[in-house]
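**Q** Sequence first, predicted model second:
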Amino acid sequence: MKTQENTARQTIMVHDYAGHPFTAELSRELARNGYIVHHVFFAGDKGPKGKNLHEAHDPDLLSFHAIDIDRDYSKTNLFARRSCDIEYGNKIATLIEELRPDIVLSGNTPTETQEPILRATKKHAAKFIFWCQDFYSIAAKEILSKKIPVLGAMIGNYYTHLEKRQMRNSDHIVHITEAFRQQTDEWGIPAENVSVIPNWAAISAISVRDRENSWSAAQQLSAGRRIIYSGTLALKHNPRLLMALAKSIDPPDELIVIANGVGMEWLREQKLGKPTLRCLSLQPIEVFEDVLASSDVLVAVIEEDAGRFSVPSKVLSYLCAGRPIVLAAPADNLAAKIVAETGAGLISEPADINAFVQSVQSYLKNPEDRRASGLAGRIYAEETFQIDSVARSFDSIFSKILEKSVM
């Protein structure tokens with residue numbers, strides 16, 4: 001790893017549109033290793049956020065930039081969302097012009113937001129790394145083609161054109177799973193310009209804690225068995241799986257859904273008829289480990305189509321918590337493979353509601369199975385989610401593309 005002396009003049013902008021905990025952890029580690037790091041995120045996104053403020057023990061080389069737009073962000077109105085994405089992207093482009101980073105690492109970013117970011121990076125002769133957390137264009141095409149068949153496919157094709165061009169113009173691409181290579185191969189991206197660094201969770205911030213804790217007490221959770229879903233509940237997550245689960249249990253057991261998004265709005269509108277479903281807003285990152293610890297079983301869902309281009313990051317956080325996981329996802333999804341291969345939980349197909357419910361019920365009935373799966377997940381997380389190793393992987397890419405510029 002580089003030292004502060006020989007990298008202090010190298011400035012990295014880590015742009016994570018979503019502002020996740022694990023990306024903030026990466027920025028902190030890069031700054032500890034001598035890079036000047038500007039961590040940038042969209043303050044108007046209402047998804048889960050990490051520790052995106054400078055803390056007392058953080059390196060002086062690290063700064064955080066919460067960028068917002070001058071209006072409410074809409075995820076349901078396509079045209080309003082597009083306009084907001086472009087406005088936000090232009091603000092990041094202005095920030096690039098002000099900060100003049102050597103490298104911009106940009107991920108979790110809508111295609112039309114990424115466009116002005118890439119353009120500004122190239123304008124100022126910086127290096128651009130496309131951090132491919134999912135294929136936004138493919139997701140858009142899948143979802144929009146179902147909602148508005150003809151126009152949706154046309155819009156999806158336009159986004160595909162943009163995303164393909166952005167990747168071709170990037171100095172490097174970082175995928176989160178080997179499965180994504182197939183798409184960049186099809187788009188003619190040279191293999192030497194592509195690396196794979198799997199996502200991780202900020203394990204230093206998620207310890208295995210007691211089920212009864214200050215958060216569970218503050219929420220007055222029941223003494224029964226608790227199932228928790230925590231994270232975004234959007235178009236690619238089927239809330240009907242959670243509703244069926246809530247119907248399958250009886251008090252004092254309860255399903256606690258801590259989320260935002262259109263799926264959460266749908267759940268709140270349902271009339272269940274018994275008090276086994278509790279809907280809460282996203283909780284502060286400071287209590288996140290207590291939230292997960294309050295569960296007996298942690299659940300996650302992702303649709304069949306979305307499972308091909310997205311890896312639910314909430315599952316990686318679940319692994320740290322030492323609780324069993326039930327995941328409704330395609331079997332070839334990376335998160336599903338991790339859960340199944342480590343023994344950290346049970347997998348069901350996204351459309352099989354009965355299998356999902358039965359998997360949760362099997363854990364509720366078997367405390368020993370819960371303990372064994374929770375332990376397996378934690379062991380995997382401790383062995384895999386080491387931020388120094390992750391940072392070395394990114395550092396290697398930084399060095400590679402910076403060396404190219406001086407050859």
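**A** Now that the structure is in, tell me what you want to look at. Numbers count the residues shown, from 1 in each chain.
**Q** hey, let's count contacts and neighbours off CA atoms from now on
**A** Fine.
**Q** so what strands line up beside the helix or strand containing residue 279?
**A** Residue 279 belongs to strand 277-280 when elements are defined using DSSP states H and E. Partners of strand 277-280 in the sheet, by DSSP bridges, are strand 254-260 (parallel).
**Q** which outside residues touch the strand it pairs with?
**A** 46-47, 222, 224-234, 245-246, 275-283 (CA atoms under 8 Å, 6 or more residues apart in numbering).
**Q** just the CA coordinates of it, formatted as CSV?
**A** This file holds the C-alpha atoms of strand 254-260, laid out as CSV (Å, rounded to 0.1, in the frame of the first residue of the first chain):
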residue,chain,number,x,y,z
GLU,A,254,-43.9,-10.0,14.2
LEU,A,255,-42.4,-8.9,10.9
ILE,A,256,-40.7,-5.5,11.1
VAL,A,257,-40.1,-3.8,7.8
ILE,A,258,-37.7,-0.9,8.0
ALA,A,259,-37.6,0.7,4.6
ASN,A,260,-38.6,3.4,2.1
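**Q** Heading C-terminal from that strand, find the next helix or strand.
**A** Downstream of strand 254-260, the first helix or strand assigned by DSSP H and E is helix 262-269.
**Q** before we move on, the earlier item: quick one: list the elements packing against the following helix or strand past the strand holding residue 279.
**A** Downstream of strand 277-280, the first helix or strand assigned by DSSP H and E is helix 288-293. Counting contacts by 3 or more CA pairs under 8 Å, 6 or more residues apart in numbering; DSSP states H and E, helix 288-293 packs against helix 214-218, helix 313-321.
**Q** possible to save the ones you listed as JSON lines with mean neighbour count and mean pLDDT?
**A** Output for the helices and strands packed on helix 288-293, formatted as JSON lines (neighbours: other CA atoms under 10 Å; pLDDT from 0 to 100):
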{"stretch": "helix 214-218", "mean neighbour count": "14", "mean pLDDT": "97"}
{"stretch": "helix 313-321", "mean neighbour count": "25", "mean pLDDT": "94"}
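**Q** how about JSON lines for those, with distance to residue 37 added?
**A** Below are those laid out as JSON lines (distance: least, CA to CA, whole Å):
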{"stretch": "helix 214-218", "distance to residue 37": "33"}
{"stretch": "helix 313-321", "distance to residue 37": "23"}
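**Q** Please name whichever of those is nearest to residue 345.
**A** Residue 345 lies closest to helix 313-321 among the helices and strands packed on helix 288-293, at 9.3 Å (CA to CA).
**Q** roughly how far out does the helix or strand just after the closest one sit from the chain middle?
**A** Note on helix 313-321: by DSSP H and E, the next helix or strand toward the C-terminus is strand 325-328. Relative to the centre of its chain, strand 325-328 is centred 16 Å away, using CA atoms, centre = their mean, to the nearest Å.
**Q** in the helix or strand just after strand 325-328, what counts as buried?
**A** Next helix or strand after strand 325-328 toward the C-terminus (DSSP H and E): helix 334-342. Along helix 334-342, these residues count as buried under the neighbour rule (16 or more other CA atoms under 10 Å): 334-336, 338-340.
**Q** could you check the angle helix 313-321 makes with helix 334-342?
**A** Between helix 334-342 and helix 313-321, the angle formed by their directions is 30 degrees, by axes from the mean of the first three to the mean of the last three CA atoms, to 10 degrees.
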